[in-house]
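[1] For reference, the sequence and a predicted model appear below.
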Amino acid sequence: MCLGWGMWSVCGGAATAQSTAAQPQSAAPPSAAPSGSAQTADKISTAILHRALYESVWGKPAHCVVRQSISVFDKRMSGIGEYVRIGGGSGRMKFSLRFSAHDHLNSLLQVCDGRRLMTIEEFGDQKHLSEVDLERVRNPLVWTTESVRNDPTTSMYLAIGGQAEALRKLCQQYHWTHLREAKLPVGDVWILSGQLATTPVVIHGQAPIDLKLNAPNQLGLLPTRAEVTVGTQESEVPFWLYSVLQTRTAEELGEQGQGYALRVSTEWAEPRLLAEEQLPAEFFEAPSVSGEHLTDETELYLPPTPRQLTAQRLPVNR
């Protein structure tokens, strides 16, 4: 489906807990960059997003309210839900959204116990179930050193589902053109503005799900601009992704000559830290789907093996 988690967002060995005090090497706090330095808005914005991605995977347990509105085909839908993560590299999380659309209810549920992510999407009388085996995704990854854990691509491969996957996509889909600081009721934030990347960004994943992000936009439904609000190191939940606004105008045509006005606003609002003991293991158990068809999407998320990476680097004779 062209909008990521169905129509819900435009942005899908066991891990060892990692302290949020560690600083990813490629994502030093932007405040460390001197005013007037040679760093571009794109580089600094990318560093902010990489740090937000790192915190979404390795950070402390947190909860927030999720609000989303989608305007497309001259129709508007609004939904509300919640997101809970354990963090620490565990992969455990629960993300839900419910939308009312005309005379039926649409819903999304993603739940992961750290071993398997299950996604249940319901559009009226249609239902789609999928799963991702996280242990198969983790097997090719080795993060025995802090430098490997701090590599943004390590966090990308572990960012499956929920807010973490939204950040995985933002890190790779846009080139960032403007950056400013602001004071909002939630505190000091960074506001990043960017445009859809027409070439792969410098740091990107190599899993099939990542490579799909640069596929041609044939239907003209992919947002071409994004504005992202991210908290600072001093936020209650450091480098929290507070909101994402993604838009496209009808005049911007896709590969097939079609164009649609599109606006998707997602808020990850009212974040608060939790103690892990507040979230029993049962909270992250998937509902029973006995007898229903499950699509296995694990292959989409598998990182390349060292042999595959070597093959990708070999020159191609034409």
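    Good, I have the coordinates.

[2] what ranges of the stretch 51-200 of the chain fall below the confidence cut-off?
    In the predicted model of the stretch 51-200 of the chain, residues 102, 143-145 satisfy pLDDT under 70.

[3] Sort out which residues of stretch 177-185 are buried, please.
    L179 (16 or more other Cβ atoms under 10 Å). For the C-beta atoms, the positions are set from N, CA and C on the backbone; glycine is no exception.

[4] same check, this time on stretch 285-297
    By neighbour count with 16+ other Cβ under 10 Å, stretch 285-297 contains the buried residues 286, 297.

[5] what is the mean pLDDT for that stretch?
    Computed over stretch 285-297, the mean pLDDT rounds to 90.

[6] List the contacts of that stretch.
    Applying Cβ atoms under 8 Å, 6 or more residues apart in numbering, the contact partners of stretch 285-297 are 12, 109, 111, 113, 116, 118, 120, 127-133.

[7] Just the ones in strands from those, please.
    Residues of the contacts of stretch 285-297 located in strands (DSSP state E): 109, 111, 116, 118, 120, 127-133.

[8] on that earlier part again, who wins for neighbours among the contacts of stretch 285-297?
    The most crowded member of those is V132, carrying 25 neighbours; neighbours defined as other Cβ atoms under 10 Å.

[9] Apart from its neighbours in sequence, what residue is nearest it?
    Closest residue to V132 apart from its sequence neighbours, by Cβ to Cβ, 6 or more residues apart in numbering: L117 at 4.4 Å.

[10] who's the one you found bridged to?
    Taking DSSP bridges as the rule, L117 bridges to C112, V132.

[11] got a list of what it touches?
    Contacts of L117 (Cβ under 8 Å, 6+ apart): 91, 110-111, 131-132, 134, 160-161.

[12] hmm, 7 Å instead?
    110, 131-132, 134, 160-161 (Cβ atoms under 7 Å, 6 or more residues apart in numbering).

[13] Just send the residues you listed back as TSV, with distance to V202 too.
    Shown next, in TSV, are the contacts of L117 (distance: Cβ to Cβ, whole Å):
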residue	distance to V202
Q110	29
E131	32
V132	26
L134	27
I160	22
G161	25
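
[14] mind listing what's buried in stretch 235-248?
    Buried residues in stretch 235-248, counting neighbours by 16+ other Cβ under 10 Å, are found at 235, 237-248.

[15] re earlier: okay if I get the ones in strands among the contacts of stretch 285-297 as TSV plus distance to L221?
    Shown next, in TSV, are the ones in strands among the contacts of stretch 285-297 (distance: Cβ to Cβ, whole Å):
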residue	distance to L221
L109	24
V111	27
R116	30
M118	26
I120	23
K127	22
H128	18
L129	24
S130	21
E131	26
V132	24
D133	29
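
[16] which two of those residues lie the greatest distance from each other?
    Using Cβ to Cβ, the pair of the ones in strands among the contacts of stretch 285-297 lying farthest apart is K127 and D133, separated by 21.1 Å.

[17] Which residue ranges of the stretch 201-318 of the chain form helices?
    Taking DSSP state H, counting those that start in this stretch as the criterion, the stretch 201-318 of the chain carries its helices at 208-211, 298-301, 306-313.

[18] thinking again about what came up before, widest-spaced pair of the contacts of L117?
    So, the contacts of L117 by Cβ to Cβ: farthest apart are Q110 and L134, at 12.3 Å.

[19] Is K60 in contact with A275, as I believe?
    No. Using Cβ atoms under 7 Å, K60 is not in contact with A275, being 9.1 Å away.
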